[in-house]
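Asks: Kindly return the folded structure for what I paste below:
(2 chains)
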Amino acid sequence: MLATAVIVFREVLEAALIIGIVLAATRGVAGRAMWVANGIAGGGAGAVVVAIFAGAIASAASGMGQEIFNALVLLIAVSMLGWHSIWMKRHGREMSISMKAVGQAVRGGAKPMYVLAVVVGLAVLREGAEVVLFLHGVAASGANGAGAIAAGGAVGLALGTAVGGLLYFGLLRIPSKYLFSVTGWLILLLAAGMAAQAAAFLVQADLLPALGDTLWDSSSLVSDGSLVGKSLHALVGYTARPSGIQLVFYAATIVAIVALMRLANRPHGAQRGTAASTS
Amino acid sequence: MNIPRPLAALLVALCIAGVVPAHAQDKDVFILTIKDHKFHPEELQVPAGKKIKLMVKNLDPTAEEFESHDLKREKIIAGNSEATLSIGPLKAGAYKFVGEYNEKTAKGRIVAK
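Replies: Model (predicted):
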């Protein structure tokens, strides 16, 4: 049961941390719990489908289907996070002035909550598929009873959720004046980390050159397998032995999103001119 | 929001270096087999400084996840199927790997020479 709990916890952790950030980033948004719940449910259902077709996905694209699928899922999430950052840049000022403005923006259909729901869904999809395959294997081996498997899975899920909850409540302690700029940075780093992860999958599939297999090795400091390493990996894309291409993807994602945010924030026309001059 | 200066410098450096290695030389294929949640062989010798292909054949009916932090590789291999990964070029040394779903028994290492 313990082994089951540990593995389920590891897989759940990444998704839980992402959900923690999304929930903090959408503080005060009406109906956000619904969106996030839908993301989780959709991702969970998708995970079962992906697990069932794992063999077919893997053998697609001459055996590199799994890498391409994972990279694609990650890159879609990156673009969703980027979109969110750009949107927040345009509307962030009103939000930090008044939390009410967020609610109004959502009622007006402006805040792209669906974008973050997709991010949540994709995170649950990727991690969930691994959990399903693992639990299926444990069940098929017959070494553990159904009760022990369910208990292990539940404990792992609860622990993962608890860590995500800690992050969320920790973030909420930040004064609301600064909350959105903190979550803004977190989302930017989240996107960069996912892009770097996608690059690693494409190297594994031999579709991208590694540009240096290991630029440095900080595994003696923080190993990839440790709880801290795993959390940092999920949050900011930490990896103890990054390849050159991962760094390129990481930096390029930050540069691209920040550039687009600046572009989006540039006052255009007379109506924005007055708003900009008062800031 | 400003781009941290070291990050920008790093990106520029990478662009200037333009280190694009000769791509896709002929690659050797090395085979690992999973049976009863164990890898065979548990130690696989491969040449250092060369890109290789690693084929993992899973003879068990259940899925396994080949995972190696040392190699930065993770791939799920469905039950009764096989999967191929591109690895390297590796520096000489030992690289540990595990089957994440059965970590107690499924472990081994790749030794690059």
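
Asks: Can you show me the helices along chain A?
Replies: For chain A, the helices defined by DSSP state H cover A:2-25, A:32-52, A:54-63, A:65-97, A:99-107, A:113-141, A:146-172, A:176-204, A:227-236, A:244-265, A:269-278.

Asks: how about these in a markdown table, adding distance to chain B?
Replies: Using the backbone N, CA and C atoms, a C-beta is placed for each residue, glycine as well. Formatted as a markdown table, the helices of chain A follow (distance: least, CB to the nearest CB, whole Å):
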| stretch | distance to chain B |
| --- | --- |
| helix A:2-25 | 7 |
| helix A:32-52 | 8 |
| helix A:54-63 | 4 |
| helix A:65-97 | 6 |
| helix A:99-107 | 20 |
| helix A:113-141 | 3 |
| helix A:146-172 | 13 |
| helix A:176-204 | 6 |
| helix A:227-236 | 8 |
| helix A:244-265 | 4 |
| helix A:269-278 | 16 |
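
Asks: Can you lay out those as CSV showing distance to B:Glu67?
Replies: Output for the helices of chain A, formatted as CSV (distance: least, CB to CB, whole Å):
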stretch, distance to B:Glu67
helix A:2-25, 10
helix A:32-52, 17
helix A:54-63, 15
helix A:65-97, 13
helix A:99-107, 40
helix A:113-141, 10
helix A:146-172, 17
helix A:176-204, 12
helix A:227-236, 12
helix A:244-265, 17
helix A:269-278, 50
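
Asks: Output the lowest mean pLDDT helix or strand found in the chain.
Replies: I went with chain A, as the question did not name one. Across the helices and strands of chain A, mean confidence by mean pLDDT, DSSP states H and E is lowest for helix A:269-278: a mean of 43.

Asks: residue ranges with poor pLDDT in chain B?
Replies: Regions of chain B meeting the criterion pLDDT under 70 cover residues B:1-27.

Asks: what are the ranges of the strands in chain B?
Replies: With DSSP state E, the ranges of strands along chain B come out as B:28-35, B:38-40, B:43-46, B:52-58, B:64-68, B:73-77, B:81-87, B:93-99, B:107-112.

Asks: Those strands into JSON lines, with extra columns for mean neighbour count?
Replies: Formatted as JSON lines, the strands of chain B follow (neighbours: other CB atoms under 10 Å in any protein chain shown):
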{"stretch": "strand B:28-35", "mean neighbour count": "16"}
{"stretch": "strand B:38-40", "mean neighbour count": "17"}
{"stretch": "strand B:43-46", "mean neighbour count": "14"}
{"stretch": "strand B:52-58", "mean neighbour count": "19"}
{"stretch": "strand B:64-68", "mean neighbour count": "23"}
{"stretch": "strand B:73-77", "mean neighbour count": "23"}
{"stretch": "strand B:81-87", "mean neighbour count": "21"}
{"stretch": "strand B:93-99", "mean neighbour count": "18"}
{"stretch": "strand B:107-112", "mean neighbour count": "18"}
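
Asks: Now those strands in JSON lines, please, with extra columns for distance to chain A.
Replies: Shown next, in JSON lines, are those (distance: least, CB to the nearest CB, whole Å):
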{"stretch": "strand B:28-35", "distance to chain A": "12"}
{"stretch": "strand B:38-40", "distance to chain A": "13"}
{"stretch": "strand B:43-46", "distance to chain A": "13"}
{"stretch": "strand B:52-58", "distance to chain A": "8"}
{"stretch": "strand B:64-68", "distance to chain A": "7"}
{"stretch": "strand B:73-77", "distance to chain A": "6"}
{"stretch": "strand B:81-87", "distance to chain A": "4"}
{"stretch": "strand B:93-99", "distance to chain A": "9"}
{"stretch": "strand B:107-112", "distance to chain A": "11"}
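
Asks: Relative to A:Leu227, which of those strands is closest?
Replies: Among the strands of chain B, the nearest to A:Leu227 by CB to CB is strand B:64-68 (16.2 Å).
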